[in-house]
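Asks: A structural model of the following input is requested.
(2 chains)
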Amino acid sequence: GESVGLHLPTLSVQEGDNSIINCAYSNSASDYFIWYKQESGKGPQFIIDIRSNMDKRQGQRVTVLLNKTVKHLSLQIAATQPGDSAVYFCAEKLGRYGNNRLAFGKGNQVVVIP
Amino acid sequence: NAGVTQTPKFQVLKTGQSMTLQCAQDMNHNSMYWYRQDPGMGLRLIYYSASEGTTDKGEVPNGYNVSRLNKREFSLRLESAAPSQTSVYFCASSVSGGPYSNQPQHFGDGTRLSIL
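Replies: Below you'll find the predicted structure:
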């Protein structure tokens, strides 16, 4: 079936640098996307979301970009901090018939180097 | 504000034993969900409840049952635990779960369950 995936399993980034985490999705009917952060031993924490009628959305130190043409989603973290070390994964809502059910990617480990 | 609370945090069972995982949310959300997370698999939906009084199967429902006790509480039961059910279980909730809803799901911190 169709799935959400992440390109890079591990991203190492120097503290203070910007991080970019990528996600490819395959369901063209998906209309809503979410980025989650998961720290060790914790549940997924909502970071930011974006609807399919938008290309970009900004939050505090984070920006999500959506390119529907190539079915690509990215999360940019500005001035990465040690507390940003975690697994990040994207999720897509499977269209209006998905009943708000989400399909999750496997995750991408971000390691911040002090 | 506690958000989504799961109990217990850890549990070890023997094959064939039964167990109920508890979940409660204090955000007045209508929809609640149960997932399991296994290494390399991502989160997989077991059951969900779009609103109080309704439950539906997700991607991997076999071996599980659920009860939406009231608007706040959604429990997951393993009737006869099997080693394949060793996993981390997460409960989540969202404001609503209808087909036109675009709302994030908010998660608890999980129950780590081992079946021997």
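Asks: can you count the residues close to the residue lying closest to residue B:3 once chain neighbours are set aside?
Replies: Leaving aside its chain neighbours, residue B:3 sits nearest to residue B:106 (6.0 Å; criterion: C-beta to C-beta, 6 or more residues apart in numbering or on different chains). Just so you know, the C-beta spots here come from the backbone N, C-alpha and C atoms, and that holds for glycine as well. Applying other C-beta atoms under 10 Å in any protein chain shown, we find 19 other residues in the vicinity of residue B:106.
Asks: strands along chain B, start to end?
Replies: B:4-7, B:10-13, B:19-25, B:31-38, B:42-49, B:56-57, B:64-68, B:74-78, B:87-94, B:106-107, B:111-115 (DSSP state E).
Asks: swap in chain A?
Replies: In chain A, the strands defined using DSSP E lie at A:4-6, A:10-14, A:19-25, A:32-38, A:45-51, A:56-58, A:62-67, A:72-77, A:86-93, A:102-104, A:108-113.
Asks: will you turn these into TSV that also has mean neighbour count, distance to chain B and mean pLDDT?
Replies: Below are the strands of chain A laid out as TSV (neighbours: other C-beta atoms under 10 Å in any protein chain shown; distance: least, C-beta to the nearest C-beta, whole Å; pLDDT from 0 to 100):
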stretch	mean neighbour count	distance to chain B	mean pLDDT
strand A:4-6	20	8	43
strand A:10-14	13	14	92
strand A:19-25	19	12	93
strand A:32-38	23	4	95
strand A:45-51	17	5	95
strand A:56-58	13	12	97
strand A:62-67	18	12	97
strand A:72-77	20	14	96
strand A:86-93	24	7	92
strand A:102-104	23	4	87
strand A:108-113	17	11	93
